[in-house]
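S.K.: let me see the structure of the following:
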Amino acid sequence: MPRRKTFRPRLFAGLCLALALPLLAQAPAIPSGQAIPGIKIDGNGDDWPPAKRVLDAKSGAEFAFRNDARNLYVLFAVRSPKAIESVASTGLTVRTGNRGVLFLKRTVATEAYVSWRESQGELLTDEEKAELGGSACHDLCLTFAVGAKGSVSGPLRRLAESEPPELGVSEGAGGTVYELKIPLAPPETVPGGLGVAPGSTFRISFEWGGTARKILSTPASRQTPPSEAGGLYGVATPAQHFLNMFDSMSRPTTGTKRYSFAFDLTLVKAP
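M.R.: Coordinates of the predicted model:
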């Protein structure tokens, strides 16, 4: 009796995967615009020329892009309460391939705020320090370089030979706006750099929210246990030690909704 041929499940699964891969690889194609001189990274976006923004239907987030020969500028706005809570909790991670930048805003005590600004090379007068001391806390915008396995190093500081990524945030009744500046230089040259050239097209993704561990701890003298030696929520030990300087006001909300959005971005050529 001839043997009956059967349809192999593995072959069927392989065919389905082969057909699905082109669909998975597809992403919206978005053009960048030419950056105007003097863009201020403050989260307001008032100095951006009017332009059509890209909408992510899932989160309601809107994006706009500009670039020059050295930097990519991003305007990221969220209005949904869930999306606002999520980005406030975990910050915003921008990725290209297996690397990226984490943009994080935290409320810190005045002493930590002054210490950070002075570590960036600012010279604050006694009058300025006294004025800052009139408030118990201040918002601090930090950036971290994200590695291939999710490890994070930083916070990134201004160096004599390079400028790190920058973040500006504004919050109001209309939502939260993140304004980003990301160097185009390779990360080996500028920590947090994208490693792309003007005129090129590359895949870029934005991620925020999700169930995050507490990356900030109340006691300033907190010791990192062995189980966290490789990083807590992907944050490498040096970054963890810096974040542990902050008080409980800096502690993020956990268990927020996770969002992600990826697309192919085409940069304008350098003038």
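S.K.: contacting residues for Arg95?
M.R.: 146, 204-207 (CB atoms under 8 Å, 6 or more residues apart in numbering). Using the backbone N, CA and C atoms, a C-beta is placed for each residue, glycine as well.
S.K.: and of those, the nearest to Leu267?
M.R.: Ranked by distance to Leu267 (CB to CB), those are led by Ile204 at 10.2 Å.
S.K.: let's verify that closest one: helix, strand, or coil?
M.R.: Three-state call for Ile204 (DSSP: H, G, I helix; E, B strand; the rest coil): strand.
S.K.: next, Ala88: phi, psi?
M.R.: Phi and psi for Ala88, reported as degrees, to the nearest 10, are phi -70, psi -30.
S.K.: pull the residues that contact stretch 122-132.
M.R.: So stretch 122-132 is contacted by 110, 113-114, 117-118, 138 (CB under 8 Å, 6+ apart).
S.K.: narrow the residues you listed to those in strands?
M.R.: Mapping the contacts of stretch 122-132 onto strands (DSSP state E) picks out His138.
S.K.: of all the contacts of stretch 122-132, which comes closest to Lys82?
M.R.: His138 (26.4 Å).
S.K.: isn't the closest one right next to Val108, touching?
M.R.: Yes: with contacts counted by CB atoms under 8 Å, His138 reaches Val108, the gap being 6.4 Å.
S.K.: and those two? which has more neighbours close in?
M.R.: A direct count of neighbours by other CB atoms under 10 Å for His138 and Val108 places Val108 higher, at 22 against 16.
S.K.: list the contacts for Val146?
M.R.: Counted by CB under 8 Å, 6+ apart, Val146 has contacts 93, 95, 99-102, 152, 234.
S.K.: quick one, phi psi at the closest residue to it other than its chain neighbours?
M.R.: Using CB to CB, 6 or more residues apart in numbering and skipping residues adjacent in sequence, the residue nearest Val146 is Gly100, 4.2 Å away. As for Gly100, its main-chain torsions (degrees, to the nearest 10) stand at phi 180, psi -160.
S.K.: now do Gly100 against Glu85, distance only.
M.R.: Distance, Gly100 to Glu85, using CB to CB, to the nearest Å: 22 Å.
S.K.: which one of those two is surrounded by more residues?
M.R.: Under the criterion of other CB under 10 Å, the comparison of Gly100 against Glu85 puts Gly100 first, with 26 against 17.
S.K.: quick revisit: can you tell me which of the contacts of stretch 122-132 comes closest to Pro183?
M.R.: The closest of those, once distances to Pro183 are taken by CB to CB, is Arg117, at 21.1 Å.
S.K.: excluding sequence neighbours, find me the nearest residue to that closest one.
M.R.: Leu124 is the one closest to Arg117 (CB to CB, 6+ apart), at 6.4 Å.
S.K.: the strands in the stretch 101-250 of the chain, which residues?
M.R.: 137-146, 152-153, 166-172, 175-183, 201-208 (DSSP state E, counting those that start in this stretch).
S.K.: what distance separates the third one from the middle of the whole chain?
M.R.: To tie it back to what came earlier, the one meant is strand 166-172. 12 Å (CA atoms, centre = their mean, to the nearest Å).
S.K.: okay, now the sheet partners of it, with direction.
M.R.: When pairing is defined by DSSP bridges, strand 166-172 lines up against strand 175-183 (antiparallel).
S.K.: tell me the angle the partner strand makes with strand 201-208.
M.R.: Following axes from the mean of the first three to the mean of the last three CA atoms, to 10 degrees, one obtains 140 degrees for the angle between strand 175-183 and strand 201-208.
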